[in-house]
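1. model this:
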Amino acid sequence: MVPIPPEAFLLGIAVGGLGCFLSMRLARAIIPRIASPCFRAKLESLDSRTEVLFYSHAPSTFHALAQILGPPAAISLGRSGAHYNNKMLYFDEGPPAMFSGIFVGYLLVDFVMCGHKALGPIFTIHHISASAAWWMFASVRTAQWYACFLQFNELSTPFVNARMVLLVAGYPSSGLEVTIASLAMILVFGLVRVIPLPTLIYNFFAVDFSALRARHGSGLVALFTIFFSIHIFLQMYWFSLMIRKLVK
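-> Here you go, the predicted model:
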C-alpha cells in the first residue's frame with residue numbers, strides 16, 4: 001500500500017491553497033482601489049510578469065506570517081524537546097503536520113496562479129521540488145524537524161516583499177528607503193537561511209543519515225540528499241544575487 005500523508009497535512013494543503021487563492025484575488029481587487037493615484041498609476045504601468053509577481057506578494061506574506069507565528073517557529077527554536085532530540089525520525093501528526101501542508105498548498109496554488117513563465121525556472125524548481133519533498137516525507141512520517149525549520153525560513157519573506165513594494169512604488173534602488181530595506185532583507189535572509197546551512201549539513205550527515213537509512217533504506221536517503229542539495233543551491237544562489245545587487 002502506498003503511504004499517504006496524515007489527515008492534518010491534507011487539511012493543511014486545502015487551507016494553504018485556498019488562502020493563497022483568496023488573498024491573491026483580494027489583493028487584485030482591493031489594492032488598486034485603496035492605493036493613491038500615484039501608486040495606482042505605477043501599478044497600471046507594470047508589465048504583465050511584474051504585475052503577477054507583485055500581487056503574489058500578498059499570499060506570500062500571509063503564508064510567511066503563518067509559518068513564523070505557528071508551530072514551525074516553536075519547533076525551530078527548540079521548544080519541542082521531542083523534535084529537537086530526534087530531528088529525523090520524530091513526527092507529530094497534529095498541528096506541525098498541518099502547517100507543513102499549508103506550505104505545500106500555498107506553493108502549489110502560487111505555481112498555478114502565477115505560472116512558470118512569471119515565476120521563472122529557479123522558483124519553478126523550488127515550488128515543485130519542495131512540494132514533492134514535503135509530500136514524500138509527510139507520507140513516511142519523517143524529517144519533520146527539518147521541514148519545520150525550513151518553513152521557519154519564511155521569516156525573510158516579508159523583508160523581500162517589502163523591498164519590492166518600495167521599488168514598485170517608485171523609490172529609487174539607490175535611495176535610502178530601498179537601501180535600508182535591502183540591508184534588512186540580506187541580514188535576515190543570511191541569518192535564517194544561510195548561516196544555519198553548515199549546521200544542517202553536519203546534523204544530517206553526521207547524526208541523521210544513518211537513522212534515516214536504518215528506518216527507510218538507501219533510496220529515501222538518496223532522495224533526501226537530492227532535495228537537500230537543491231535547497232542549499234537555491235539559498236546560496238538567491239543570497240549571491242542579493243549581495244551582487246547591494247554592491248553594484
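
2. residue contacts, the most centrally placed residue in the chain?
-> What sits nearest the mean C-alpha location of the chain, by C-alpha atoms, centre = their mean, is residue 154, with 5.1 Å. For residue 154, the contact set (C-beta atoms under 8 Å, 6 or more residues apart in numbering) comprises 63-64, 67-68. Placement of C-beta: from N, CA and C, glycine included.

3. nearest spatial neighbour of it, skipping sequence neighbours?
-> Nearest residue to residue 154, sequence neighbours excluded (C-beta to C-beta, 6 or more residues apart in numbering): residue 64, at 3.9 Å.

4. could you do residue 116 as well?
-> In space, and not counting its chain neighbours, residue 116 is closest to residue 124: 4.6 Å by C-beta to C-beta, 6+ apart.

5. that neighbour and residue 23: what is the separation?
-> To residue 23, residue 124 is 21 Å away according to C-beta to C-beta, to the nearest Å.

6. who has more neighbours, the two?
-> residue 23 (21 against 16; other C-beta atoms under 10 Å).

7. helix or strand for that one, just tell me which one.
-> According to DSSP states H and E, residue 23 maps onto helix 7-34.

8. and what of residue 183?
-> Going by DSSP H and E, residue 183 is in helix 176-189.

9. what's that helix packed up against?
-> Where contact means 3 or more C-beta pairs under 8 Å, 6 or more residues apart in numbering; DSSP states H and E, helix 176-189 is packed against helix 157-168, helix 218-247.

10. so which of those is the most surrounded?
-> Ranked by mean neighbour count, these are led by helix 157-168 with a mean of 19 (mean count of other C-beta atoms under 10 Å).

11. what about that one, average pLDDT?
-> Across helix 157-168, pLDDT averages out at 94.

12. export only the CA atoms of it, formatted as CSV.
-> C-alpha atoms of helix 157-168 as CSV (Å, rounded to 0.1, in the frame of the first residue of the first chain):
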residue,chain,number,x,y,z
THR,A,157,10.0,36.7,3.1
PRO,A,158,8.2,39.9,4.4
PHE,A,159,11.5,41.8,4.1
VAL,A,160,11.9,40.6,0.5
ASN,A,161,8.3,41.6,-0.3
ALA,A,162,8.7,45.0,1.4
ARG,A,163,11.6,45.8,-0.8
MET,A,164,9.7,45.0,-4.0
VAL,A,165,6.7,47.2,-2.9
LEU,A,166,9.1,50.1,-2.4
LEU,A,167,10.5,49.6,-5.9
VAL,A,168,7.1,49.3,-7.5
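
13. the residue located most distally from the centre of the chain and residue 220, how far apart?
-> No residue in the chain sits farther from the centre than residue 37, which is 32.6 Å out by C-alpha atoms, centre = their mean. According to C-beta to C-beta, residue 37 and residue 220 sit 56 Å apart.
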